[in-house]
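Engineer: sequence unavailable; structure follows:
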């Protein structure tokens, strides 16, 4: 197993021994990740490490060659996104995360397709209380929102269905440092406050670890290190890991 720096509570979403890739060629090799209630678990690593491929495999968008994905101990391996949503897993992709031609309200309504019509207005009020800035922009078309506002809408849209687990792929991609901080320190924390577990892939590693409970370091599709985010952030060699340079003597063979 990879080096472990602590213990965790019971997990909601658990991925074990996952091997996944494209056309039968593995990109992710035997990876174990999980996330628990009201927890932010972040996957960091260099470009090309397989982080987004891992999330897409979890969400049924990439072929799983080996391993399993479970929700509350029940198998959900390879299920398509709609079925995962019905079971309580929401996904915010890196791109194409909102309907650009629809208004803020219409995007939220689309996100609430699993909510009974009689409760849709109430659920929208609840979501807008979490993200009040969107309430001011209710009638604005998504294409006219800033990058940070679009990401907020994407996250709020997924939250409409009250998922127990929210999977976020590079939510700060192409955002300014200020907006990136707003997304991580504001919006991601708001999801946890709303009761969700958050599994996050993020290139801004230090900023992500600062708001995370648990972290995974993925290099070349292999899990090299896992532990409390605060302890990983404090490691003297963590910058090397982020860049894909595994320190001498660092055990990786059991993670293959």
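Structural biologist: That came in fine, so what should we check first? The model shown is predicted, which means the values in this text are computed figures rather than measured ones. Residues are numbered from 1 along each chain as shown.
Engineer: report how many residues lie close to residue 136.
Structural biologist: Using other CB atoms under 10 Å as the criterion, residue 136 is surrounded by 10 other residues. Bear in mind the C-beta positions are built from the backbone N, C-alpha and C, glycine included.
Engineer: now swap in residue 8 and tell me
Structural biologist: Per other CB under 10 Å, the neighbour tally for residue 8 reads 16.
Engineer: for residue 133, same thing?
Structural biologist: Neighbourhood size, residue 133 [other CB under 10 Å]: 16.
Engineer: equivalent analysis for residue 195, please.
Structural biologist: Neighbour count of residue 195, defined by other CB under 10 Å: 11.
Engineer: could you do residue 149 as well?
Structural biologist: 20.
Engineer: got a pLDDT number for the residue lying closest to it once chain neighbours are set aside?
Structural biologist: When the adjacent residues along the chain are set aside, residue 149 lies closest to residue 137, with 6.8 Å between them (CB to CB, 6 or more residues apart in numbering). Listed pLDDT for residue 137 reads 95.
Engineer: and the gap between residue 137 and residue 104?
Structural biologist: 5 Å (CB to CB, to the nearest Å).
Engineer: which of those two has more neighbours?
Structural biologist: Taking residue 137 and residue 104 together and counting by other CB under 10 Å, residue 104 has the greater number of neighbours (28 against 17).
Engineer: from memory that one sits against residue 134, does it?
Structural biologist: Yes: applying CB atoms under 8 Å as the test, residue 104 and residue 134 come out as touching, 5.5 Å apart.
Engineer: which neighbours do residue 137 and residue 104 have in common?
Structural biologist: With contacts taken as CB atoms under 8 Å, 6 or more residues apart in numbering, residue 137 and residue 104 have residue 145 as neighbours in common.
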